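> Pasting the sequence and the predicted model now:
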Amino acid sequence: MDIFNEYIVKKKKTGADIAVSCLAVALGLAICYAALTILRYVPLLSTFLLLVVAAVVWGIYKVVAMTNLEYEYIFTNGEMDVDKIINRRSRKRMTVVNARRIDILAHRSHEDFKTNLENGAVKKINACTSPDAEDLYFILFRDENDGETPKMLLFNPNDKLLEGFRKYNPKRVFIEPRG
């Protein structure tokens, strides 16, 4: 029997995300004000300055939209694809995790979490709502296509995803009871 499960989580906006958006808006408004001031003194540049203002507004939209992130986990027959969805329009594959090749899947309360999070040799893949989330889990694995560099995926799975991993690799999956 085939196993298929997909789950989407929305990244919570951080202070850095809000700061980037505010900075983009403030910088864009300053550029538009400068363009309109120049237009008052040099009316021949009106077409060019109108294009500058349009480009600035488009740039502000793109920067603000980049902070609207979702992560989609698609588990199919022992393999989980992790995609980043930007502003519900574009999708980028972050990684693929084979359940049979993981070293450990556990809740953030597991003893190996902090050790591997602080280990600089382990590449971190952040695909979670927030690094401080209560329902945060991690997977330690090695990607067969990327050499033997150890990787740590931070994510917020639902119960079906956890059970799918447990079915394919029960000795390496440590699931905390949810209360």
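Sure, I can see it. Note that the structure is predicted; figures quoted are calculated from it, not measured. Numbers count the residues shown, from 1 in each chain.

> tell me the pLDDT at the most centrally placed residue in the chain?
Centroid-nearest residue in the chain: A127, 4.3 Å away (criterion: CA atoms, centre = their mean). With respect to pLDDT, A127 has a value of 95.

> Looks like it contacts E70 (just checking).
No. Counting by CB atoms under 8 Å, no contact exists between A127 and E70, whose distance comes to 9.8 Å. Bear in mind the C-beta positions are built from the backbone N, C-alpha and C, glycine included.

> what sits in contact with each of those two?
Residues within reach of A127 and of E70 at once, by CB atoms under 8 Å, 6 or more residues apart in numbering, are K84.

> Other residues contacting the host helix or strand of R166?
According to DSSP states H and E, R166 maps onto helix 159-168. Contact with helix 159-168 is made by 3, 5, 7, 73, 75, 78, 80, 99-100, 102, 105, 137, 139, 157, 173, 175, 178, as judged by CB under 8 Å, 6+ apart.

> now the following helix or strand past that helix, how far from the chain's geometric center?
Later in the chain than helix 159-168, the nearest helix or strand by DSSP H and E is strand 173-174. Distance of strand 173-174 from its chain centroid, counting by CA atoms, centre = their mean, to the nearest Å, is 23 Å.

> next one: stretch 84-99
Centroid separation for stretch 84-99 versus its chain: 8 Å, with CA atoms, centre = their mean.

> same question, stretch 52-68
With CA atoms, centre = their mean, you get 20 Å for stretch 52-68.

> for this structure, which spans come out with low pLDDT?
Within the chain, the segments meeting pLDDT under 70 span 1, 147, 177-179.

> Just give me the longest helix of it.
helix 15-41 (DSSP state H).

> list the helices and strands the helix or strand that that one is followed by packs on?
As assigned by DSSP H and E, the chain's next helix or strand after helix 15-41 is helix 46-66. When contacts are defined as 3 or more CB pairs under 8 Å, 6 or more residues apart in numbering; DSSP states H and E, helix 46-66 sits against helix 15-41.

> can you pull the buried residues of the helix it packs on?
Neighbour-count burial for helix 15-41 flags D17, V20, S21, A24, G28, I31, C32, A35, L39 (criterion: 16 or more other CB atoms under 10 Å).

> Show me which of those is closest to L153.
Among the buried residues of helix 15-41, D17 lies closest to L153 (CB to CB), at 21.0 Å.

> Now the closest one: closest residue in space that isn't a chain neighbour?
T67 (4.1 Å; CB to CB, 6 or more residues apart in numbering).

> Done for today, thanks.
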